[in-house]
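[1] Turn this into a structure:
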Amino acid sequence: MTRKVRGSLFVDYVRMIRSRKDVDWTALLQAEDLPFLEQRTEPNSWYPMEAFERMGNAILRVVGGGDLQTVKTWGRLSVEQLQALHPELVAEGNPAESLFRLQVLRSSFFDFDALKFRDIRDYSVQIEIDYGMGALAEEAATHQALGVFERILELSGATGVQGSILERSWAGDQHTLIEFTWTGPTAH
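    Model prediction:
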């Protein structure tokens, strides 16, 4: 089965690539990826995950300089746009509810289960990440997720947010597992 990503995410990669006219993207992408750079990206349409992965790897290399901290920062910054499009995303004063809302929203971006919330508690969550991509892309996606979840928790009122990677599929673990802990507030 071919995995797909929603155009509302795909368009971000297309925009980044289009903005760098100084780069020969034909050397970094496959021939079948190039038409996506010329045509209009429809937010509600589905696009091949393989092209999304290749574009992401090329952007990481060219725009991010291979720096995963930059990818995490981009994840954090992307939350502002996400919240503008989905104002109900953050439940002020309720980090756990905000995470549930993010889980529902993120599931609409992929036609497969990329994220599985294992355990959401008052002050912690564990999330399994599996985009089914190559090592570099999977590692980058994990760092982006760290930034996204960290910022969502902060916006919901969580303080002392700490994110860590417990298991790494790209380093030989069975899957990737991230964990967040925080202090206050809790749902009443």
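
[2] Domain-wise, how is this structure divided?
    Listed domain ranges for the chain are 4-62, 90-183 (source: automatic domain parsing).

[3] Quick one: closest of these to Lys72.
    With CB to CB as the measure, domain 90-183 is the member of the domains of the chain nearest Lys72 (4.0 Å). In short, each C-beta sits where N, CA and C put it, glycine included.

[4] if we can go back for a sec, quickly compare the domains of the chain and say which is most buried.
    Comparing these by mean neighbour count (mean count of other CB atoms under 10 Å), domain 90-183 ranks first with a mean of 17.

[5] next one: that one to chain centre, how far?
    Its chain's C-alpha centre and that of domain 90-183 lie 9 Å apart, by CA atoms, centre = their mean, to the nearest Å.

[6] what's in contact with the helix or strand of the chain with the lowest mean pLDDT?
    Lowest by mean pLDDT, DSSP states H and E among the helices and strands of the chain is strand 115-120, with a mean of 88. For strand 115-120, contacts defined as CB atoms under 8 Å, 6 or more residues apart in numbering pick out 96, 99-100, 103, 106-107, 125-130, 145, 177.

[7] same check, this time on stretch 172-181
    Residues from elsewhere that reach stretch 172-181 (CB under 8 Å, 6+ apart): 118, 123-130, 138, 142, 145-146, 149-150, 153, 160-170.

[8] Keep only those of the residues you listed that are in helices.
    Glu138, Thr142, Ala145, Leu146, Phe149, Glu150, Leu153 (DSSP state H).

[9] May I see these arranged in CSV, with distance to Gln69 and pLDDT as well?
    Formatted as CSV, the ones in helices among the contacts of stretch 172-181 follow (distance: CB to CB, whole Å; pLDDT from 0 to 100):
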residue, distance to Gln69, pLDDT
Glu138, 17, 96
Thr142, 13, 97
Ala145, 14, 95
Leu146, 10, 97
Phe149, 16, 95
Glu150, 12, 97
Leu153, 18, 96
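
[10] Out of these, the closest to Ala114 would be?
    For these, the nearest to Ala114 is Ala145 (9.1 Å; CB to CB).

[11] Quick check: the gap between the closest one and Asp24.
    The gap separating Ala145 from Asp24 is 30 Å, by CB to CB, to the nearest Å.

[12] How about Leu77?
    For Leu77 relative to Asp24 (CB to CB), the value is 27 Å.

[13] Now the least confident helix or strand of the chain - C-alpha only, CSV.
    The C-alpha trace of strand 115-120 is given here as CSV (Å, rounded to 0.1, in the frame of the first residue of the first chain):
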residue,chain,number,x,y,z
LEU,A,115,1.9,8.7,15.7
LYS,A,116,0.6,6.5,18.5
PHE,A,117,0.0,8.0,21.9
ARG,A,118,0.9,5.3,24.4
ASP,A,119,0.3,6.9,27.7
ILE,A,120,-1.1,10.3,28.4
